[in-house]
Each structure stands twice: as C-alpha cells, then as structure tokens.
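K.L.:
Turn this into a structure:
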Amino acid sequence: MKCKGAVVVNAFWRGGDDGAKKIAEALAARGAEVSFVRTDELFMRIDGGVKGNASYDFAVYLDKDIHVARLLEESGVRLFNSAESIRLSDDKMLTHIALAAAGLPQPRTLSSPLCFSAETEDAFAERVAAELGFPIVVKKCHGAFGKQVYLARDLSELKEKRRELLAEPHLYQEYVECGASDIRVIVIGGKATCMMRRTASRKGEFRSNAELGGKGERIEPNEALTSLAERAATALGLDYCGVDILESPRGYLVTEVNSNAHFKVVQEVTGVDVAARYAEYMIGKVAI
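P.N.:
Numbering: from 1, shown residues only. Sure thing, here's the model as predicted:
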C-alpha cells in the first residue's frame, strides 16, 4: 500500500508556490500518494479529542500556523518540519536563543521587552545604541522575505522605529558590514545540500533577499560553512531549512534560519534539485 502524504500550505494559498508543487511532484515520482491541502480544508478541531480531515501518514508542512501543526501531530501525522522546530525558527528571538544554547556564533542581539502602553522615556533605546552602535538592524520577530527588517542609522531613527514596534515582539542587532551580501545554505536531513551567495542589487539596499531583488551566485562549500549550517539546523530540530550566514571580521555568523526556505534561485544557480533531495529524505523516513 502506498504511503499517503500531504503538502500542507496556508489558508490563502491559491497555487502560486512553485516550490510546493515541485516537492509534491518529487514525492509522487518516488511512489507516494500526495494531496495538496490548505490548512482551512483540514478543519482541525478538538471535539472529545483531536479531529479533522487528516488521514495522512506524513505531511510536508509549508505553513507557519503552529496550532494546526500541533493538531496534526496529535492526530498521528509525521510532519516535515515538526511543529516545535517551526515555532523556534519562525520567532527570530527564539531562534537566536536556541542557537546561543548550542554555542553558535551570531551577531550581538538584544530582545525588546514587550510594552502595551507608550514609553515616556528613551532610556532603553539609548542603552541599545550604546551597546550596539550605529547603524542598528531592527527586526520584527515574525516576518519573511526581509520585509520586516529595518535599519536605524542614528538615535532619532532608532527611537522612531522603537515607538512604531513597541507592542510587537522585535529585536535589535548589530550591523555587520558584509557588502550587502550573505550566504544561504540549504540543509536537508542535517546535511548541507547546496549554498549560494546572495547580494543586494538595489542601490542603498542592505538586505539581500531574492524577493527584494537580491541576486544569487553559486559558491563552493567549505568545512566551516557546512558545519555551521548543519549545527544550526540540528539546534532547531529542522528536517529542512535555509540557514543565512554573514561573513564578518570575526568569522561566520548565523543571522536567520528559515524553516520554509524557497529554493527556486538556489536550484537555478547551483543545479542541485532541492525538491528531489528533500523528497528522497522524506521517503527514507516513511514507509512506502
């Protein structure tokens, strides 16, 4: 009997994610019976136990809705990635805490205490400035594609951004001069599979995300990059992820780990079939 699997996407998905389709095709080519399912179609609920449309042996979970992920796991579905690993990697501050516990090098990072009323003084912003110096990277703890990442160039900009984000989980991070580039490493099953350098192409842009116009180029793996990316994935318990690494004067630094990293660009520049590699890993973990 074929193993039944699902590619689970968010409730707003309308067929635009090419990566999700490629993963489904790669699984089907390897003998799995695969369905596309939106989280709202699962209709997971608690009713004398966990119930819902979840008659699958495994699921490639491409959403970040932790509640549905945990309900699926309670129903006996094996998730790639697990709910807990997604929770840790989707919250940037939790990511940094987990990486710190594993002893991985990172940029200096400060968590902003949550405030639900307006601050009457600027003491915290001034302490952040004194600790990190300018410019300072400001990030919402939840976000994707670099769109919730900002740069404060002086105290005035820092105070303004802090006032804007006061009631939202966010963090402050030292700015690492790296020529507006970083290294994206795709890790599957704890093994670095391919990597590329991403470089911002827009004048004045410090973020290198492809969705913001960043360009990718293939780079040769080395032991230090490979080890660091694999350790980051292991620290978060991820089956699949993209690990973002900066080159700094004090060595490589992990800046983010994306549990749902898009792979179109890295496939194009490296020639590695990421969907096929991921499918092979998952097939090895479930019985077909």
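
K.L.:
Mind telling me what element residue 224 is part of?
P.N.:
Element membership of residue 224 [criterion: DSSP states H and E] is helix 223-236.

K.L.:
Please list the residues outside that helix that contact it.
P.N.:
85, 88-89, 95, 98-99, 101-102, 104-105, 183, 185, 187, 190-192, 195, 241, 243, 245, 251-252, 254, 257, 259 (Cβ atoms under 8 Å, 6 or more residues apart in numbering). C-beta here means a position set from N, CA and C on the backbone, and glycine is covered the same way.

K.L.:
mind listing the strands for the stretch 51-200 of the chain?
P.N.:
Applying DSSP state E, counting those that start in this stretch to the stretch 51-200 of the chain gives strands spanning 58-61, 78-80, 109-111, 136-140, 149-152, 170-174, 181-188, 191-199.

K.L.:
Would you reformat the ones you listed as TSV and include mean neighbour count?
P.N.:
Putting those into TSV (neighbours: other Cβ atoms under 10 Å) gives the following:
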stretch	mean neighbour count
strand 58-61	24
strand 78-80	21
strand 109-111	17
strand 136-140	21
strand 149-152	20
strand 170-174	21
strand 181-188	24
strand 191-199	20
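
K.L.:
To residue 271, which of the ones you listed lies closest?
P.N.:
strand 191-199 (8.4 Å; Cβ to Cβ).

K.L.:
and the closest one, which strands flank it?
P.N.:
strand 181-188 (antiparallel), strand 215-218 (antiparallel) (DSSP bridges).

K.L.:
least reliable of those going by mean pLDDT?
P.N.:
Of all the strands paired with strand 191-199, the minimum mean pLDDT falls on strand 215-218 (a mean of 86).

K.L.:
May I see the buried residues of that strand?
P.N.:
For strand 215-218, burial by neighbour count (16 or more other Cβ atoms under 10 Å) applies to residue 216.

K.L.:
Also stretch 106-122?
P.N.:
Neighbour-count burial for stretch 106-122 [16+ other Cβ under 10 Å]: 106, 107, 109, 110, 112.

K.L.:
And the helices in the stretch 51-200 of the chain, which stretches?
P.N.:
66-74, 83-90, 92-101, 123-132, 155-165 (DSSP state H, counting those that start in this stretch).

K.L.:
just those helices: most buried one?
P.N.:
The highest mean neighbour count among those, using mean count of other Cβ atoms under 10 Å, belongs to helix 83-90: a mean of 21.

K.L.:
who touches it?
P.N.:
By Cβ under 8 Å, 6+ apart, helix 83-90 touches 61, 64, 66, 69-70, 72-73, 81, 94-95, 98, 142, 236-239, 241, 257-260.

K.L.:
switch to 6 Å and redo it
P.N.:
64, 66, 69-70, 73, 94-95, 98, 236-238, 257, 259 (Cβ atoms under 6 Å, 6 or more residues apart in numbering).

K.L.:
which among the residues you listed gets closest to residue 35?
P.N.:
residue 69 (17.0 Å).

K.L.:
Can you give me the distance of the residue lying closest to that closest one once chain neighbours are set aside to residue 64?
P.N.:
Distances taken as Cβ to Cβ, 6 or more residues apart in numbering put residue 83 closest to residue 69, at 3.6 Å, once the chain neighbours are dropped. Distance of residue 83 to residue 64, given as Cβ to Cβ, to the nearest Å: 10 Å.

K.L.:
for the residue lying farthest from the centre of the chain, phi and psi?
P.N.:
Note on the chain: the largest C-alpha distance from the chain mean falls to residue 120, namely 34.7 Å (Cα atoms, centre = their mean). Phi and psi for residue 120, reported as degrees, to the nearest 10, are phi -100, psi 0.

K.L.:
I'd like to know how far it sits from residue 168.
P.N.:
Counting by Cβ to Cβ - residue 120 and residue 168 are separated by 19 Å.

K.L.:
Residue 252 now?
P.N.:
29 Å.

K.L.:
higher neighbour count, these two?
P.N.:
The neighbour comparison of residue 252 against residue 168 (other Cβ atoms under 10 Å) goes to residue 252, with 18 against 14.
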